[in-house]
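Q: Compute the structure for the input listed below.
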Amino acid sequence: MKAIWNGAVIAECDNTVVVEGNHYFPAASVTQSYLRASAKTTVCGWKGIANYHTIIVDGEKNPDAAWYYADPKSAAENIKDHVAFWRGVEIVA
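A: Next comes the predicted model:
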């Protein structure tokens, strides 16, 4: 699977975890140089607190387009150290 935005491959791996239709990529498979920490957080009742990253490719920003659960609740332990994408990030096989 690949996560692509603005022509750049942001993440690539063979073993994503799919939760609620979202592919969570292992953090090691994500090119960290495309990510900048965001102050945004949200709360999921069963996964916990989500933290966000803004994706930056060739000077273009996609605010809060990547998220992860730094300390997920026990029901979501399988996505610890994983990153998911939205807001126009294309997920392809």
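Q: got a list of contacts for stretch 84-93?
A: 1-5, 10-11, 19, 22-25, 55, 62-68 (C-beta atoms under 8 Å, 6 or more residues apart in numbering). C-beta coordinates here come from the backbone N, C-alpha and C atoms, glycine included.
Q: List the buried residues for stretch 31-40?
A: Neighbour-count burial for stretch 31-40 flags 34-35, 38 (criterion: 16 or more other C-beta atoms under 10 Å).
Q: Just the contacts of stretch 84-93: which are in helices?
A: Of the contacts of stretch 84-93, none are assigned to helices by DSSP state H.
Q: Quick one, which of these are buried?
A: 2-5, 10-11, 19, 23-25, 55, 62, 64-68.
Q: need the strands for this structure, in chain order.
A: All strands of the chain, identified by DSSP state E, fall at 2-5, 8-12, 17-19, 22-26, 35-44, 48-57, 60-68, 82-85, 90-92.
Q: Given the third one, what are its sheet partners and their directions?
A: Strand pairing for strand 17-19, determined by DSSP bridges: strand 22-26 (antiparallel).
Q: Could you save the strands of the chain as a markdown table and add columns showing distance to A75 and mean pLDDT?
A: A markdown table is the format used below for the strands of the chain (distance: least, C-beta to C-beta, whole Å; pLDDT from 0 to 100):
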| stretch | distance to A75 | mean pLDDT |
| --- | --- | --- |
| strand 2-5 | 24 | 98 |
| strand 8-12 | 24 | 98 |
| strand 17-19 | 10 | 97 |
| strand 22-26 | 14 | 98 |
| strand 35-44 | 10 | 98 |
| strand 48-57 | 9 | 98 |
| strand 60-68 | 16 | 98 |
| strand 82-85 | 14 | 98 |
| strand 90-92 | 23 | 98 |
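Q: quick one, what contacts A11?
A: 1-3, 25, 29-31, 83, 85.
Q: Show me the contact partners of stretch 44-57.
A: Outside stretch 44-57, the residues touching it (C-beta under 8 Å, 6+ apart) are 5-8, 10, 19, 34-38, 40-43, 61-73, 75-76, 79, 83, 85, 89.
Q: again, only using 6 Å
A: For stretch 44-57, the external contacting residues (C-beta atoms under 6 Å, 6 or more residues apart in numbering) are 5-6, 8, 34-36, 38, 40-43, 61-70, 72-73, 75-76.
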